[in-house]
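Engineer: All I have is the shape, not the residue letters:
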């Protein structure tokens, strides 16, 4: 029996999926990945992501402003985000992708923090969980989250920090995204983190078409490969695959309030 998995972070509006959505969703379903959450990275993408979610029952949307695009974000982008969230489309299940990034050459970190605080306010206003990107910024992000006290919390996606940093986010009520990094045997720190965190704090994701898995370097990542991430997670943890799959579904449903089809229960 297929495990009934949810890819909680897939940029399904980008190539190689755009224009090939039906086949891509079928391939994911054949691997046991039945639902996707598609986060935005900039305001120009909001309409196409919402259209994908409206067209495909198994696709859900998240709308937000990604720190990697900080140079192009403006006050008008925040206004557009506010406008789209105010429509309260039931297929929009989160604010994101947003967060902090100090890996870029010109991070414009003050602007990143200002835009993140503005998105915290919107997440509070619309009672939405938030999907957070964090590269080399786990500690300042945790400090901002403590001050923000977001009632709907969220997820720190693609996590590759230390166990203590992960535990700090979990104490704040945030989930941790488990992605393709754990498929690399050399990723000892991340594999140990995902083995030791409470199962109730984990979500499954691919970040497709980014974050290629071991054995697929140089290729676009795909949502069906969430099944491989799941298999490796089961190898790292003590619980049964059935228990892990059920917990991942319940964690996702609880955070994003997804409508889970009976076939996945």
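Structural biologist: Thanks, I have the structure now. From a predicted model like this one, the values you see are computed outputs, not experimental measurements.

Engineer: Which parts of the stretch 151-265 of the chain are helices?
Structural biologist: 163-171, 188-196, 226-236, 241-256 (DSSP state H, counting those that start in this stretch).

Engineer: any idea how far residue 88 is from residue 124?
Structural biologist: Residue 88 sits 15 Å away from residue 124, going by C-beta to C-beta, to the nearest Å. Bear in mind the C-beta positions are built from the backbone N, C-alpha and C, glycine included.

Engineer: Between those two, tell me which one has more neighbours.
Structural biologist: Between residue 88 and residue 124, residue 124 has the larger neighbour count (other C-beta atoms under 10 Å), namely 16 against 10.

Engineer: how far away is the more buried one from residue 174?
Structural biologist: 15 Å.

Engineer: Now do the strands in the stretch 51-200 of the chain.
Structural biologist: 59-63, 92-101, 130-135, 154-156, 175-178 (DSSP state E, counting those that start in this stretch).

Engineer: Just checking: what are the partner strands of the fourth one?
Structural biologist: Looking back up the chat, that one is strand 154-156. strand 130-135 (parallel), strand 175-178 (parallel) (DSSP bridges).

Engineer: tell me which element residue 6 is part of?
Structural biologist: Taking DSSP states H and E as the definition, one finds residue 6 inside strand 5-7.

Engineer: For whichever helix or strand comes after that strand, enumerate the helices and strands it packs against.
Structural biologist: Sequence-wise, the next helix or strand downstream of strand 5-7 (DSSP H and E) is helix 21-30. If contacts are counted by 3 or more C-beta pairs under 8 Å, 6 or more residues apart in numbering; DSSP states H and E, helix 21-30 sits against strand 33-39.

Engineer: Would you mind getting the angle between the strand it packs on and helix 21-30?
Structural biologist: 130 degrees (axes from the mean of the first three to the mean of the last three C-alpha atoms, to 10 degrees).

Engineer: And strand 33-39, what's buried?
Structural biologist: 33-39 (16 or more other C-beta atoms under 10 Å).

Engineer: Name the surrounding residues that touch it.
Structural biologist: 4-13, 25, 28, 49, 52-53, 58-64, 93-94, 96-97, 131, 223-224, 226-227, 256, 258, 260-261, 263-264 (C-beta atoms under 8 Å, 6 or more residues apart in numbering).

Engineer: Return a selection command, for use in ChimeraX, containing the buried ones of those residues.
Structural biologist: Remark: buried members of the contacts of strand 33-39, expressed as a ChimeraX selection using 16+ other C-beta under 10 Å:
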select :4,5,6,7,8,9,10,11,12,13,25,28,49,52,53,58,59,60,61,62,63,64,93,94,96,97,131,223,224,226,227,256,258,264
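
Engineer: Verify the stated contact: residue 206 with residue 5.
Structural biologist: No - taking contacts as C-beta atoms under 8 Å, residue 206 lies outside contact range of residue 5: 10.2 Å.

Engineer: shared neighbours of the two, which are they?
Structural biologist: residue 226.

Engineer: Could I get the contacting residues of residue 174?
Structural biologist: So residue 174 contacts 132, 145, 153-156, 201 (C-beta under 8 Å, 6+ apart).

Engineer: switch the cut-off to 6 Å
Structural biologist: Listed by C-beta atoms under 6 Å, 6 or more residues apart in numbering, the contact partners of residue 174 are 153-154, 156.

Engineer: Residue 250: which of those residues is nearest?
Structural biologist: Distance to residue 250, by C-beta to C-beta, is smallest for residue 153 among those, at 15.2 Å.

Engineer: Now do the residue nearest to that closest one when sequence neighbours are not counted: how many residues are near it, please.
Structural biologist: Leaving aside its chain neighbours, residue 153 sits nearest to residue 173 (4.1 Å; criterion: C-beta to C-beta, 6 or more residues apart in numbering). Using other C-beta under 10 Å, residue 173 has 16 neighbouring residues.

Engineer: Likewise for residue 257?
Structural biologist: 14.

Engineer: Over to it: give its phi and psi.
Structural biologist: With angles defined as degrees, to the nearest 10, residue 257 sits at phi 60, psi 50.
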